[in-house]
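K.L.:
mind looking at a prediction? Sequence and model below.
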Amino acid sequence: MGDLLNKFYDKAKQSNAIRALANLPILSNIKERIMTHILLQDRNHESWISKHLEHRKTLYCSTAEPGLLSFITTVWNTPVQYLKILAESLLVQAKVHDFEWIVLDNGSKDEDTINYLNDLASNSFVKLYKVEDNMGIIGGMNYCLQKASGRYVLPLDSDDYLYPDALSILTWHIKEFNYPSILYSDEDKIIKNKSVMPYFKPDWDPVLFLNSAYIAHLGAFDRKLAIKLNVYKNSDAEGCHDWDTFIKFMIANHKPVHIPEIIYSWRMHKDSTAMNISSKSFIRESHKSILNRFISGLPNSDDYQLVNNPFFQGKNDWWIKRVNKSSAKMLTIVLRTGNDSNMAMLRDTCKNLHHDTLSLKMNSNPTVLLEILHSSNYDLVSFVSENIRISNPNWDLEALSLFEIHKDVVMIGGLTFNKRQKVVGAGIYFGVGNLCDTPYKDLSIKDPIYNSILKRQHSVSAFHTQLCVFEISFLVDFLKHACPDSASLSFLGMWAGAYALRENKRVAYSPFISAKTEENWDELIQRPEKLEFLKHNKDIIPDTRYYHKLFNVKNGKEFQPKLHDCST
């Protein structure tokens, strides 16, 4: 019954009319009760996490290190029942770990809250501070940051929860990765003390990060560096200080380390953004402020505009959109098995750039590309099949934007779907399905696929040449130094994706590059070439940077968590 309700709820969210009704204030309590009932029916995650907690006791053995961790929390009239759960989750770990917890009573007026905080201060690891007037979230967090003394600072919301082995796992990863500047973990949510909605996150992905603050809980960052980078100094980040913090570290070229374990639970209740992102009126403006500040730091900031992601009905999902034309030059190569039926369409859809188009037969040797590209003055080169119909006429500007914003991106692709609105391709992951595949194949593009990932820009392993764009210097370098004699044009994107991984370059997916097709690209790829690819690249397969190490991928379908030793 719970699964049916959950499916109904996910489908209902796709309806504009139902969403509008659900957002009416008079129906907010009903909406909360329905969502709570659905989540409480799901016992899959709670069963899985209880078993996994036992399993990971053997994985993370680390001695305590004095002065390593400072947790910081601001409190403003938080219900004691929530505060107590958070405090006890830390108290149980204080028996074996050395840490401090900086707690600020940020102008609370509730007597129960005030009394509980006073009692809490009797614990040796708690340092309680008080201010009479509420300083706001940013003001309070900055106050705590200045009072902290640990090497790492870890923000905790006052109504959330830490798993009992969180500090052991944190300490292990900090030491294992040689004291990185910033880290983040996986998370789930908690509703009426029940664990629900796990978020198994990818490793650091700046492409996804700029349109989804997926790093939020639990974050840990170097205290001295945070002060130097002016963390908690921008009052306009009141509704998304975690996102703002990680943007500051990213701009300063610090790569976050992913802790691939759920160690933090984000509480869901009627006043929390975990239950409803619109529960706090300032969230939207905070998002806009920090992302516009990022855009203003781009060399060509005037070419970009922050807009709502059109694939979401809500107002808190974003797209950094390129709005001006460019002098960049693109060459599009149409791969064909027969005639040039798609040429006229491509010339029309690529008119935003100084654009040339030519065609090659699918069975051409990739070395012919070097002859075409040698000493050319193109900046980008795209490959498209003659059997696709591109949806967005500005797809080339979208590709250009990702190359400009993310300097390590060398290949870009998008979503292909058929007339039944089923996914044909959406980026390739090495190790998924039959060697390398799209895990969402044959799912409806309207389905609420895991974390709505197909509606957001993000990184993947590779793309087929059915629809992709290359940065030309990377492609030439690959063709000269790494393209094997056995490579075909149909499988060229896989070989290039593997080379990109080895060269620490990035492949990016965008939902704003899309096309309709009935073509099955896999049928064009010969099994011997796949085996040759595996022989050359078995050391990097599976590529679990962008799908979680705990995911069990069956037949290239959606990800399902499994018990798995993270060290393997």
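P.N.:
Here it is on my side, so go on.

K.L.:
so what's the residue nearest to Thr63 when sequence neighbours are not counted up against?
P.N.:
Nearest non-adjacent residue to Thr63, counting by Cβ to Cβ, 6 or more residues apart in numbering: Thr171, 7.9 Å away. To be clear about C-beta, it is placed using only N, CA and C from the backbone, and glycine gets the same treatment. Neighbouring residues of Thr171 by Cβ atoms under 8 Å, 6 or more residues apart in numbering: Ser62, Thr63, Ala64, Glu65, Leu68, Leu69, His97.

K.L.:
please apply the same query to Trp495.
P.N.:
Counting by Cβ under 8 Å, 6+ apart, Trp495 has contacts Phe478, Ala482, Cys483, Pro484, Ala487, Phe533.

K.L.:
now, of these, which are buried?
P.N.:
Among these, those classed as buried by 16 or more other Cβ atoms under 10 Å are Phe478, Ala482, Cys483, Ala487, Phe533.

K.L.:
in this structure the second one contacts Gly497, no?
P.N.:
By that I understand Ala482. No - applying Cβ atoms under 8 Å, one finds Ala482 not in contact with Gly497, separated by 11.2 Å.

K.L.:
what's the host helix or strand of Leu225 packed up against?
P.N.:
Assessed by DSSP states H and E, Leu225 sits inside helix 223-228. Judged by 3 or more Cβ pairs under 8 Å, 6 or more residues apart in numbering; DSSP states H and E, helix 223-228 is in contact with helix 136-147, strand 152-155.

K.L.:
isn't there a strand covering the residue nearest to Thr63?
P.N.:
No - according to DSSP: H, G, I helix; E, B strand; the rest coil, Thr171 belongs to no strand; its state is helix.

K.L.:
re earlier: quick one: closest of the helices and strands packed on helix 223-228 to Tyr450.
P.N.:
Closest of these to Tyr450 is strand 152-155, at 25.9 Å (criterion: Cβ to Cβ).

K.L.:
and the closest one, which strands flank it?
P.N.:
If you go by DSSP bridges, strand 152-155 pairs up with strand 69-75 (parallel), strand 219-222 (antiparallel).

K.L.:
dump those to a markdown table, plus distance to Ile445.
P.N.:
Converted to a markdown table, those look like this (distance: least, Cβ to Cβ, whole Å):
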| stretch | distance to Ile445 |
| --- | --- |
| strand 69-75 | 41 |
| strand 219-222 | 32 |
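
K.L.:
can you add mean neighbour count and mean pLDDT and give the ones you listed back as JSON lines?
P.N.:
As requested, the strands paired with strand 152-155 are exported to JSON lines (neighbours: other Cβ atoms under 10 Å; pLDDT from 0 to 100):
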{"stretch": "strand 69-75", "mean neighbour count": "25", "mean pLDDT": "97"}
{"stretch": "strand 219-222", "mean neighbour count": "24", "mean pLDDT": "98"}
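
K.L.:
and of these, who's closest to Tyr546?
P.N.:
strand 219-222 (19.6 Å).

K.L.:
identify the residues contacting that closest one?
P.N.:
For strand 219-222, contacts defined as Cβ under 8 Å, 6+ apart pick out 69, 151-155, 170, 174, 181-185, 231, 242, 245-246, 249.

K.L.:
run the last query once more with 10 Å
P.N.:
The contact list for strand 219-222 (Cβ atoms under 10 Å, 6 or more residues apart in numbering) reads 68-71, 145, 150-156, 170, 173-174, 179-185, 228-229, 231, 241-243, 245-246, 248-249, 254, 256-257, 259, 264.

K.L.:
need the max-distance pair from the contacts of Thr171.
P.N.:
Counting by Cβ to Cβ, the most remote pair of the contacts of Thr171 is Thr63 and Leu69, 13.4 Å apart.

K.L.:
which among the contacts of strand 219-222 count as buried?
P.N.:
Buried by 16+ other Cβ under 10 Å: 68-71, 145, 150-156, 170, 173-174, 180-185, 229, 231, 241-243, 245-246, 248-249, 254, 256-257, 259, 264, out of the contacts of strand 219-222.

K.L.:
what is the least confident helix or strand in this protein?
P.N.:
Lowest on mean pLDDT, DSSP states H and E among the helices and strands of the chain sits helix 16-22, with a mean of 42.

K.L.:
so which strand or helix has Glu285?
P.N.:
helix 283-296.

K.L.:
so after that helix, what's the next helix or strand?
P.N.:
Next along from helix 283-296, by DSSP H and E: strand 304-308.

K.L.:
which SS class is the residue sitting nearest the centre point of the chain?
P.N.:
Nearest to the mean C-alpha position of the chain, by Cα atoms, centre = their mean, lies Leu208 at 4.2 Å. What three-state DSSP gives for Leu208 is helix.
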